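> what follows is a predicted protein model with its sequence.
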Amino acid sequence: MELIQSFSVDHMKLIPGIYTSRVDTVGGGTVTTYDIRLKKPNREPVIDVAAMHSLEHIIATYLRNDPDWKDEVIYWGPMGCLTGFYLILKGSRPSRELYDLLLGAFRFAQSAEEVPGTAPVNCGHYLMHNLAMAKWYAAEFADYLEAHKDDPAIFEYPKTERLVTEKGEHFFDS
């Protein structure tokens, strides 16, 4: 089986940032998946599950209510590894163009006074939220984005170098 694109990113070199993960053609239109990475994979503790859930609710609400972006938002949700989120948008924009939107979303989360959609009828695990920790992670990431705004490394994936056999096949050591 072919290794999927997101697994070809060298996670040992990956730093927090806003990355274009993939661009797909769906039903005649373009859809882009962005990797919004808050933590260095395999080198930093992952995001607390309850805080991640709260960030999902807060930022999804923010994105789907932003007058300039709401019609482009298809999905906002956590990565299984708990180091970041995926944002799926209609169209294709360079990841750098999402900077202001995401900085605003995380600053909004940092100042949130409640987590929207946390009643049992709205949420599949309504008791698993941690607003205080969500605000802490939001502030940490927003501060990081501001400190690294001009660093191209937060917008461009590091690539894994793979050995290629004489027959042109990729060698994977795992």
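Arrived safely. Predicted, not measured: the structure shown is a model, and the values here were computed from it.
> which residues in the protein form strands?
17-26, 29-37, 73-78, 84-90, 163-164, 170-171 (DSSP state E).
> mean neighbour count, those: which tops it?
Looking across the strands of the chain with neighbours counted as mean count of other CB atoms under 10 Å, the highest average goes to strand 84-90: a mean of 20. The way it works is simple: take the backbone N, C-alpha and C, and place the C-beta from them, glycine included.
> look up phi and psi at His129.
phi -140, psi 150 (degrees, to the nearest 10).
> please name the residues that touch it.
For His129, the contact set (CB atoms under 8 Å, 6 or more residues apart in numbering) comprises Ala50, His53, Ser54, His57, Val115, Thr118.
> what's the burial count for Gly27?
Using other CB atoms under 10 Å, Gly27 is surrounded by 5 other residues.
> next, give phi and psi for it.
Dihedral angles (degrees, to the nearest 10) for Gly27: phi 60, psi 40.
> look up how far Ile74 lies from it.
12 Å (CB to CB, to the nearest Å).
> again, but for Ile59
14 Å.
> Val9 too?
Relative to Ile74, and taking CB to CB, Val9 is found at 21 Å.
> now the helices for the chain?
Taking DSSP state H to define them, one finds helices in the chain at 49-63, 99-110, 131-147.
> what residues does the shortest one touch?
Think helix 99-110. 18, 36, 55, 58-59, 62-63, 66, 68-69, 87, 134-135, 138-139, 141-142, 145-146, 149.
> show the buried residues in those.
18, 36, 55, 58-59, 62-63, 66, 69, 87, 134-135, 138, 141-142, 145 (16 or more other CB atoms under 10 Å).
> Arg96: which of the residues you listed is nearest?
Nearest to Arg96 out of the buried ones among the contacts of helix 99-110 is Ile18 (CB to CB; 7.4 Å).
> nearest residue to Ile15 in space, please, no chain neighbours.
Lys40 (5.8 Å; CB to CB, 6 or more residues apart in numbering).
> residues contacting that neighbour?
Listed by CB under 8 Å, 6+ apart, the contact partners of Lys40 are Leu14, Ile15, Pro16, Thr83.
> can I get those residues in TSV with pLDDT and neighbour count?
What follows is these, written out as TSV (pLDDT from 0 to 100; neighbours: other CB atoms under 10 Å):
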residue	pLDDT	neighbour count
Leu14	92	21
Ile15	95	17
Pro16	97	21
Thr83	97	24
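> those: which two are farthest apart?
The widest separation within the contacts of Lys40, taken as CB to CB, falls between Ile15 and Thr83 and amounts to 10.8 Å.
> shared neighbours of the two, anything?
With CB under 8 Å, 6+ apart, Ile15 and Thr83 have common neighbours Arg37, Lys40.
> no further questions, thank you.
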